[in-house]
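J.: Using only what follows, build the 3D model:
(one chain, ligands or ions: 4)
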Amino acid sequence: MRASPAGGEAESAQLHYRTCHLCEALCGLAVTHDGAGRVLSVRGDAEDPFSRGHLCPKGVALADLQDDPDRLRRPLRRQGERWVEIGWDEAFEIAERELRRVRRAHGDDALATYTGNPTAHNTGALLLLAPFLAAARTRNRYSARSIDQLPNMVVNRWMFGNSALFPIPDLDRCDFLLMLGANPAMSQGSICAAGDFMGRLAALRARGGRVVLVDPRRNETAGKVDEHRFIRPGADVFLLGAMIHTLFAEGRVRLDRLAAFTDGVEALRAALAEFTPEAAAVPTGIAAADIRALAHEFASAPRAGCYGRIGTCLQDYGGLTAWLINALNVLSGNLDREGGVMFTHPAIDLAGLAAASAATRGSFDTYRSRVRGLPEFMGELPVAVLAEEMLTPGPGRIRALVTFSGNPVLSTPDGRRLEQALAGLDFMVSVDAYLNETTRHAHLILPPAGPLERPHYALALNLVAVRNVAKYSPPLLPKAADARHDWQILLELAVRLGSRGRLDRALWRGVQALVERLGVEGLLDLLLRAGPYGGLPAGLAAPLDALRGFLFEGRLGAALLRRGAGLAPLLRAQSGFSGTRRGLNLDTLRQHPHGLDLGPLRPSLPGKLCTPGRRIALAPPPLLADLPRAAVALRRPLPSGLVLIGRRHLRSNNSWMHNAPRLVKGPSRCTLMMHPDDAHAAGVTDGQSARVSSSVGSIELPVRLTSEMMPGVVCAPHGFGHDRPGTRLRVASRLAAGASLNDITDAARVDPLTGVAAVNALPVTVTACP
Ligand SMILES: Nc1nc2c(c(=O)[nH]1)N[C@H]1C(S)=C(S)[C@@H](COP(=O)(O)OP(=O)(O)OC[C@H]3O[C@@H](n4cnc5c(=O)[nH]c(N)nc54)[C@H](O)[C@@H]3O)O[C@H]1N2
Ligand SMILES: Nc1nc2c(c(=O)[nH]1)N[C@H]1C(S)=C(S)[C@@H](COP(=O)(O)OP(=O)(O)OC[C@H]3O[C@@H](n4cnc5c(=O)[nH]c(N)nc54)[C@H](O)[C@@H]3O)O[C@H]1N2
Ligand code: SF4
Ligand SMILES: [Mo]
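T.: Numbers count the residues shown, from 1 in each chain. Ligands and ions are numbered 1, 2, ... in the order given. Below is the predicted model:
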């Protein structure tokens, strides 16, 4: 794709368009490069119909990631304190031998897996993750989900019958947005993918709409909305409960169209009887009159949406809060209404694919964690139990671990204890681009090809986007000959861990050859054709179903190979595909390098519901059963003392982008924000170093006094702590060391209902450092 060179750029400059894969905003990037592997500039692509030219400093830093001299290029094997580069064959052989040894000696569950956040942004990895996990055959699966959106997924499962049915605020048509525990000015939006989220909020207000933010910190978004209200951390359930109580008490409940297929309205009314605004005023810190006014405003707006994000998840009442957010949207008639909160219709519909099986719709509590007895969800245990499952002796103890693009030492609670646990493992493999705080404990690191060397399609994030869009980004650079993509690493590990005996291995190798032949592009093409915009010829339904079983459930069988043969005509004419040119396929997307807009969100209920009888369950029994826990707290006096919450910065990405020089320049961002009154009481002053202690440990941070904090609440970012020895992050360890917030978060604190880590609202003390 050639373009006229922009001013000052070399004659040979070429333009490449791609979707940024670093966060959920799905920015279209226009990358100028010299055609020989060097990126000259990264700009926002004004012609991208979704992001319309928006980008942030991380998008510009994509080139830094690709070129980072610390990014690993070849497999590393640890020998004592040293790391030696080895070849891929040797690496895979060691991985297979050692992981199988552990399984043979201690059983399948002695092997654990942890998959981190970048997986959600990695097309190939998303496609091959399920086969890998199935091959790993362990109940000890973990991921960043249980320190993120787990409560929403559990609640989606109970209310809508499908964990992947996320209601998304229709930002572009909404009149009133109530936002809880989100800071899109920094995070750029989450579980609400919206290119230029803040621009869309500005447009909402310019149309005469209103935005109210409820957050214990007057965060960076607060200045750009109509109203900000402080709330005590962890108290959202009381606010929402009281708002719903008000709607019931004043006869303002109005389900409209939803009434025909919603159950449990009366049960919910009865369950929230105690949640009066007066009662909620104490724990929330919001006056009863203000709670009522907010309920009135929400209920009377023509089109309103309530949206909660990470602040509402990582707390004691994560599940209840996610539930009441949905309930508020239902009871005001705003679910599935244009301008309210809606479900998406992506070109590759993960929710639709998930609907095909009970496991992917969302199993719950079919087994429990060995030590603490927390429930499984979709075959995964909460990451808060990972360390104890490694450290507690007895049958079923974890002895080996595979991490895939995750940094749990910095990103999950009680990182120091996890570190200790990792050091005691018999064997650990990390599929990761860096030698960092987690992977330094591995025996083997398998690094993937660079981020610009792979194709991209926002498989997962299109599911939660405010418009239906589809965009394919080709690789900008060829993959180095001796490099492997993440998906290829996952597939090879799957073959080696999954096969039982020679025959089965041959079957796996056959499937691997099929998938390698299709490649990520071939798989995308098939899924696009099989999707709602695709116009799939009927003859392909059976082979595609076999492929779906493999990709999304990890089901492997002779049927896949046998039926896979049915894909042969397609393979032969991958780009031609006579007869279905009408439908959307990869070729269509190639012809639209800026992306295709498939239109705004549109109503889809009750059709999309996966509950029995396709009905919304407004009062699912497990949630009703959890409510008394909150009702009891409603009557309890307020605990005294400080509590800590987290924050994010525009130039960070959880723990892993602090090695990009342009993102870490400037003063340290790893500070403790504190209200001046609290600082005065603790005897600390602005700029001074303070010791922050929890029941688990202490860290030291410079204090920043600011009235943007609610009194009684202090705030620090996670993802720092790069001063640990043994890493290869030269920029991060020198310029962005900071301290890890998760050194003091407590793995014992979880939402008992869903198991999500309750890292926020952490009780702490703050003292001046000598
Ligand atoms: N206290 C506190 N803790 C939190 C949060 C909080 O708000 N407060 N937020 C939580 C949230 S929402 C999340 S999602 C988690 C994130 O938790 P994790 O996903 O465990 O952590 P990340 O910091 O995102 O680490 C990503 C890892 O992936 C690697 N990586 C990056 N790109 C690639 C790639 O293309 N391929 C491979 N193979 N590896 C790659 C990086 O080197 C890094 O090791 O953190 C959580 N932790
Ligand atoms: N630049 C950047 N962007 C990111 C990330 C990043 O690390 N850096 N991480 C990405 C990831 S993995 C995710 S999950 C998203 C998260 O996206 P967001 O949810 O928008 O993330 P945060 O910026 O952490 O905002 C959370 C807000 O919740 C507030 N909060 C804390 N506790 C409570 C509470 O109990 N109640 C209420 N109502 N509010 C509370 C905090 O003060 C904060 O303002 O961001 C993504 N985008
Ligand atoms: S906002 Fe997100 S998607 Fe956009 S450039 Fe920044 S990191 Fe990339
Ligand atoms: Mo996240």
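J.: Quick check: closest non-adjacent residue to residue 338.
T.: residue 173 (5.4 Å; C-beta to C-beta, 6 or more residues apart in numbering). For every residue, glycine as well, the C-beta is placed using N, CA and C.
J.: any idea where the strands of the stretch 301-450 of the chain begin and end?
T.: Counting by DSSP state E, counting those that start in this stretch, the stretch 301-450 of the chain has strands at residues 304-308, 341-342, 364-368, 375-377, 400-404, 427-431, 444-446.
J.: end-to-end on stretch 476-490?
T.: 22 Å (C-alpha to C-alpha, to the nearest Å).
J.: mean confidence for it?
T.: Averaged over stretch 476-490, pLDDT sits at 96.
J.: ok, and what's touching that stretch?
T.: For stretch 476-490, the surrounding residues in contact (C-beta atoms under 8 Å, 6 or more residues apart in numbering) are 16, 18, 31, 33, 37, 39, 66, 73-74, 88, 122, 124-125, 127-129, 131-132, 404-405, 431, 446, 448-450, 452-454, 492, 516, 520.
J.: So which of the residues you listed are in helices?
T.: 66, 88, 124, 125, 127, 128, 129, 131, 132, 492, 516, 520 (DSSP state H).
J.: Identify the residues contacting the first one.
T.: Right, the one you point to is residue 66. Applying C-beta under 8 Å, 6+ apart to residue 66 gives the contacts 39, 450, 451, 452, 453, 477.
J.: next one: residue 438
T.: 403, 406, 407, 408, 409, 410, 422, 430, 432.
J.: So which of those is the closest to ligand 3?
T.: residue 407 (17.5 Å; C-beta to the nearest ligand atom).
J.: is it true that the closest one touches residue 657?
T.: No - look at residue 407 against residue 657 with C-beta atoms under 8 Å: they stay out of range, at 11.0 Å.
J.: of the two, who's got more company?
T.: residue 407 (25 against 21; other C-beta atoms under 10 Å).
J.: any idea how far that one is from ligand 1?
T.: 4 Å (C-beta to the nearest ligand atom, to the nearest Å).
J.: Kindly report the same for residue 225.
T.: 21 Å.
J.: next one: residue 169
T.: According to C-beta to the nearest ligand atom, residue 169 stands 19 Å off from ligand 1.
J.: Count the neighbours of the residue nearest to residue 338 for me.
T.: Neighbours of residue 173 under the rule other C-beta under 10 Å: 19.
J.: wouldn't it be in contact with residue 466 here?
T.: No - the criterion here is C-beta under 8 Å, and residue 173 misses it with residue 466 at 9.4 Å.
J.: Can you report how many residues neighbour the closest residue to residue 65 other than its chain neighbours?
T.: Nearest non-adjacent residue to residue 65, counting by C-beta to C-beta, 6+ apart: residue 451, 5.5 Å away. When neighbours are counted by other C-beta under 10 Å, residue 451 registers 23.
J.: Now do the buried residues in the helix or strand containing residue 629.
T.: Using DSSP states H and E, residue 629 sits in helix 621-635. By neighbour count on 16 or more other C-beta atoms under 10 Å, the buried set for helix 621-635 is 622, 623, 626, 627, 630, 631, 633, 634.
J.: per-residue pLDDT, the third one?
T.: Right, the one you point to is residue 626. Residue 626 is given a pLDDT of 98.
J.: now it: how far from residue 705?
T.: 38 Å (C-beta to C-beta, to the nearest Å).
J.: just the last one next, same as before
T.: Look at residue 634 and residue 705: by C-beta to C-beta, they are 32 Å apart.
J.: remind me which residues of the stretch 1-150 of the chain are low pLDDT?
T.: 1-11 (pLDDT under 70).
J.: The nearest residue to residue 81 once chain neighbours are set aside: helix or strand, and which one exactly?
T.: Nearest residue to residue 81, sequence neighbours excluded (C-beta to C-beta, 6+ apart): residue 726, at 7.7 Å. Of the helices and strands defined by DSSP H and E, none includes residue 726.
J.: surely residue 726 meets residue 436?
T.: No - Residue 726 lies out of contact with residue 436 (C-beta under 8 Å); the separation is 9.5 Å.
J.: Comparing the two, which residue is more hemmed in?
T.: Between residue 726 and residue 436, residue 436 has the larger neighbour count (other C-beta under 10 Å), namely 27 against 13.
J.: Would you enumerate the residues in contact with that one?
T.: Residue 436 is in contact with 407, 410, 655, 656, 727, 728, 729, counting by C-beta under 8 Å, 6+ apart.
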